[in-house]
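J.: Coordinates for the following, if possible.
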Amino acid sequence: MANNLPAHYFHAEAHALTGKLDLPFKEEIKKQAFVKLEGRLAALSEDEKAQRSYFSQHSKNYRLESIISYGAAHTQVSGHDSNKHRGASVTLATSVVEDLNVLNVVTADRVVAQISTTHFPDIYSPKVSFLGTHFENLRIARHKAEPFLNLAVAGEKLDGKALWLDKSTFLMKAIEGQYERLKRWLGGLGGADPSASASLANIYHKGDPNYDQLRLAAAAAREEDLRTGKGESRGITCSLVENVEIKDISVKTADGKAIQIPPPARSCGHVIHIPDFGTIFLAELTVNHNSFDLTMIRLELGCLADGSASIASCNVNGGSKPGGP
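T.: You can find the predicted model right below:
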């Protein structure tokens with residue numbers, strides 16, 4: 001009986017923080033609270049499965065001078081057979097960062113990235129869920145930032161050999177809308193801040209600011225995955241965040257009148273640009289046919305400090321093949 005079920009290869013990773021600082025000094029930030037699950041579990045005994053199917057890490061009080069710090073971080077990865085669907089395999093990755101502070105500009109009480117996938121027999125691409133992913137009390141220069149997340153951006157279950165990068169999927173339609181909004185925003189931002197425009201264009205479509213190439217890039221990635229059978233294309237980058245509302249701060253003057261202080265930032269979709277600080281990317285998701293890579297806060301710093309950092313990241317991959325372990 002067991003040989004008729006898929007032999008699933010589990011892969012999941014999670015870490016709290018990684019990056020590179022160029023100024024005011026050079027520093028490589030190694031992956032903090034890093035955990036990884038990898039391998040086939042079907043042939044193992046129950047005791048071995050218990051030891052090799054779940055890993056976690058916990059750390060406290062990380063600080064890189066006064067540039068970036070957090071109070072605590074927790075990561076976990078797990079893989080197991082589904083009790084709900086016969087022959088299906090479930091993989092989970094979670095990264096949590098608490099009491100985050102970046103240069104006293106970006107702060108948050110809690111940032112959570114969480115991905116779970118379910119691989120079904122005879123279906124090429126997994127069902128994916130981002131349930132549990134959220135921000136708590138995210139602030140930009142003390143201004144409260146409210147990200148609106150669409151956790152159902154890839155919520156439908158695909159059938160047969162369908163891929164997430166097929167242009168007909170709900171995911172790809174959502175990505176196209178995000179890219180169109182960024183394209184329009186870049187048109188207005190470029191003249192005001194060319195460095196921000198160049199940074200965004202370099203990240204999305206490898207230096208080509210023409211986002212009309214989205215379908216071509218997705219088609220090329222899909223063909224590469226199908227040709228190699230490995231799903232190792234760079235895929236397509238999008239976000240779980242549809243919009244960010246950054247609120248004014250209300251203060252009273254000496255005569256008792258209330259005035260509103262606007263935030264020192266501009267945003268479009270999941271992207272926030274702060275002059276003299278850099279660019280923030282929220283809940284950034286990279287997808288190919290069987291891999292989901294989520295980073296809750298990615299920073300491209302400039303001026304106060306130069307460098308980059310990724311905060312609260314996790315990746316889920318893996319696949320099955322018929323014929324047992």
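
J.: bridging residues for residue 297?
T.: For residue 297, the beta-bridge partners under DSSP bridges are residue 282, residue 311.

J.: Return the residues in contact with it.
T.: 100, 106, 108, 111, 280-282, 309-312 (C-beta atoms under 8 Å, 6 or more residues apart in numbering). C-beta coordinates here come from the backbone N, C-alpha and C atoms, glycine included.

J.: how about a cut-off of 10 Å?
T.: Neighbouring residues of residue 297 by C-beta atoms under 10 Å, 6 or more residues apart in numbering: 17, 97, 100, 102, 106, 108, 111, 113, 135, 138, 272, 280-284, 309-313.

J.: Same question for residue 55.
T.: 12-14, 34-37, 75-79.

J.: Next one: it relative to residue 110, how far apart?
T.: Going from residue 55 to residue 110 by C-beta to C-beta, to the nearest Å gives 22 Å.

J.: related to what we said a few turns ago, need the max-distance pair from the contacts of residue 55.
T.: 34 and 79 (16.9 Å; C-beta to C-beta).

J.: neighbour-wise, which of the two wins?
T.: residue 79 (27 against 18; other C-beta atoms under 10 Å).

J.: buried set for stretch 269-289?
T.: Within stretch 269-289, the residues that count as buried by 16 or more other C-beta atoms under 10 Å are 269-274, 277-285, 287-289.

J.: May I have that stretch as PDB, with CA atoms only?
T.: Included here for stretch 269-289 are C-alpha records, laid out as PDB according to Å, rounded to 0.1, in the frame of the first residue of the first chain:
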ATOM      1  CA  GLY A 269       1.400  49.000  -2.400                       C
ATOM      2  CA  HIS A 270       4.000  47.300  -0.300                       C
ATOM      3  CA  VAL A 271       6.800  49.700  -1.000                       C
ATOM      4  CA  ILE A 272       7.600  52.600   1.400                       C
ATOM      5  CA  HIS A 273      10.300  55.200   0.500                       C
ATOM      6  CA  ILE A 274      11.800  57.400   3.200                       C
ATOM      7  CA  PRO A 275      14.200  60.200   2.000                       C
ATOM      8  CA  ASP A 276      17.500  60.100   3.900                       C
ATOM      9  CA  PHE A 277      16.700  56.500   5.100                       C
ATOM     10  CA  GLY A 278      16.000  54.200   2.200                       C
ATOM     11  CA  THR A 279      13.300  51.900   0.800                       C
ATOM     12  CA  ILE A 280      11.200  49.400   2.800                       C
ATOM     13  CA  PHE A 281       9.500  46.400   1.100                       C
ATOM     14  CA  LEU A 282       6.800  44.700   3.200                       C
ATOM     15  CA  ALA A 283       5.700  41.000   3.000                       C
ATOM     16  CA  GLU A 284       7.700  40.400  -0.200                       C
ATOM     17  CA  LEU A 285       6.900  37.100  -1.700                       C
ATOM     18  CA  THR A 286       8.900  35.200  -4.500                       C
ATOM     19  CA  VAL A 287       7.000  32.300  -6.100                       C
ATOM     20  CA  ASN A 288       7.900  29.700  -8.700                       C
ATOM     21  CA  HIS A 289       5.900  26.500  -9.300                       C
END
